[in-house]
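**Student:** with the input below, show me the fold.
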Amino acid sequence: MNDRTTGRHARRTLNRRAFLAAAGATAVGAAVATTARGWAGSDTAAGTFRVPIEDDRHTRTWMAWPDRTAIWGGDLSGVQANIALIARTIAKYEPVVMCANSASAAKARSMCGSSVTVIDSIPVDDCWMRDTGPVFRTDGAGGLDAVGLGFNGWGDKQSHAKDALVAERIAAYAKVPFTQADFVGEGGSIEQDGSGTLMATRSSLVNKNRNPGVPESELADAMCDAYGASKVIWFDGVYGQDITDNHVDATSRFIAPGKALVQMPLAADSDAFAKDAHRQYQILSTATTATGGAMTAEKLQGADYNKIRSTNENFLASYANYYLCNGAVISAHFGDGAADAAAKATLARLYPGRVVEQLNIDSLGSGGGGIHCVTQQQPAA
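**Tutor:** Alright, predicted model coming up:
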């Protein structure tokens with residue numbers, strides 16, 4: 001493999017955004033809770049709330065506006081343009097609320113336009129709302145609440161004093177009950193099918209930088225408690241080669257209960273991420289759901305990194321990191337014309353009746369993230 005093929009798997013690499021070491025990255029965020037499982041402290045219909053699958057109807061999408069040159073350096077303007085493009089595109093289909101710091105709210109409003117609501121009452125450190133925002137749950141009877149996953153800067157790799165508070169502050173803004181989960185993780189580290197089954201990588205959760213000393217079985221119980229689920233499909237993942245420790249949502253996604261997709265590497269790829277993607281597909285192809293049904297897995301072919309526009313060795317070209325909003329699939333294109341077209345066709349087939357929007361988000365991709373990483377859905381109750 002050439003250097004670009006190897007480098008492209010870095011995904012939010014450990015030098016990405018510099019982790020603010022010089023600015024004093026500190027351990028801010030939730031530690032592993034020691035209270036009892038099962039939603040201790042919540043009096044609302046324990047056991048009936050669940051995190052619905054993403055394609056359930058949404059009330060709105062939450063996003064965050066990046067404004068720190070200490071994180072993004074000279075790439076900030078391009079990333080802001082990408083965030084604004086994503087927000088405006090989603091706003092064609094459902095309301096979008098953008099959290100911005102007061103000093104940059106006016107710029108966010110100008111770049112996002114009138115279709116996006118920008119608020120400055122919830123300050124942020126960065127744009128990764130999938131990981132910092134609350135995970136909303138519904139009870140099937142009009143009830144809505146929110147879960148915080150104790151965001152700690154992906155294992156204290158980046159400063160996050162504001163982002164550690166985003167989940168609870170959004171829940172308060174949305175006027176829904178809030179509970180802190182009994183584990184530390186990020187929204188991108190867990191996929192749910194809405195019917196009892198989760199999938200996740202061990203590398204991003206069974207990790208001493210999030211949940212030190214917590215056995216896998218205990219962690220799975222806490223995840224199921226938080227998501228209203230009963231089974232976790234685990235993948236090994238890849239430890240320590242990117243800031244997220246290999247979030248599942250860059251590779252594997254649930255399409256429906258009992259059905260998933262996996263973004264597949266090129267046949268020539270043989271690094272740790274490529275091997276893990278193949279293993280994820282194998283596991284999903286033989287797994288069962290929480291109700292005992294057979295899982296099926298679809299393949300979503302990845303791009304050729306020798307044909308994409310970006311030459312950044314840390315670029316994340318993940319078609320799988322798409323976002324579902326009301327009536328649309330918001331995905332990315334990377335400049336490999338054949339792969340871009342094939343990905344769009346695959347997503348159109350898997351989500352019939354939805355418009356597939358493909359966006360150029362190369363600045364965000366150079367930062368190791370994608371569209372799913374910067375969005376968080378609030379489902380309709």
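**Student:** measure the residue lying closest to Asp362 once chain neighbours are set aside to Lys107 for me?
**Tutor:** Nearest residue to Asp362 in three dimensions, chain neighbours excluded: Ser310, at 5.2 Å (C-beta to C-beta, 6 or more residues apart in numbering). For glycine as for every other residue, the C-beta is placed from the backbone atoms N, C-alpha and C. To Lys107, Ser310 is 25 Å away according to C-beta to C-beta, to the nearest Å.
**Student:** of these two, who's got more company?
**Tutor:** A count of neighbours by other C-beta atoms under 10 Å puts Ser310 above the other of Ser310 and Lys107, at 18 against 15.
**Student:** got phi/psi on the more buried one?
**Tutor:** phi -70, psi 140 (degrees, to the nearest 10).
**Student:** what residues does the host helix or strand of Asp131 touch?
**Tutor:** Using DSSP states H and E, Asp131 maps to helix 129-132. The contact list for helix 129-132 (C-beta atoms under 8 Å, 6 or more residues apart in numbering) reads 62-64, 99, 124, 126, 149, 151, 154, 160, 163-164, 166-167, 186-189, 244, 249, 372-376.
**Student:** host element of Met98?
**Tutor:** Going by DSSP H and E, Met98 is part of strand 96-99.
**Student:** should've said Ala317
**Tutor:** Here Ala317, judged by DSSP H and E, is contained in no helix and no strand.
**Student:** cool, and Ile255?
**Tutor:** According to DSSP H and E, Ile255 maps onto strand 252-256.
**Student:** that strand - contacts with which helices or strands?
**Tutor:** strand 190-192, strand 197-201, strand 259-264, helix 272-286 (3 or more C-beta pairs under 8 Å, 6 or more residues apart in numbering; DSSP states H and E).
**Student:** that strand vs strand 197-201, what angle?
**Tutor:** Relative orientation of strand 252-256 and strand 197-201, computed by axes from the mean of the first three to the mean of the last three C-alpha atoms, to 10 degrees: 170 degrees.
**Student:** now the strands for the stretch 201-350 of the chain?
**Tutor:** Remark: strands assigned in the stretch 201-350 of the chain by DSSP state E, counting those that start in this stretch are 231-235, 252-256, 259-264, 296-301, 323-325, 328-332.
**Student:** of the contacts of helix 129-132, which belong to helices?
**Tutor:** Trp154, Val166, Ala167 (DSSP state H).
**Student:** closest to Arg68 among those residues?
**Tutor:** When the ones in helices among the contacts of helix 129-132 are compared for distance to Arg68 (C-beta to C-beta), Val166 wins out at 14.6 Å.
**Student:** from Gly293, how far off is the closest residue to that closest one other than its chain neighbours?
**Tutor:** Of all residues not flanking Val166 in the chain, Thr132 sits nearest, at 4.4 Å (C-beta to C-beta, 6+ apart). For Thr132, the distance to Gly293 equals 33 Å [C-beta to C-beta].
**Student:** what backbone torsions are found at Asp269?
**Tutor:** phi -70, psi 140.
**Student:** likewise Ser363?
**Tutor:** phi -70, psi -40.
**Student:** nearest residue to it in space, please, no chain neighbours.
**Tutor:** Closest to Ser363 by C-beta to C-beta, 6+ apart is Gly78, at 3.2 Å.
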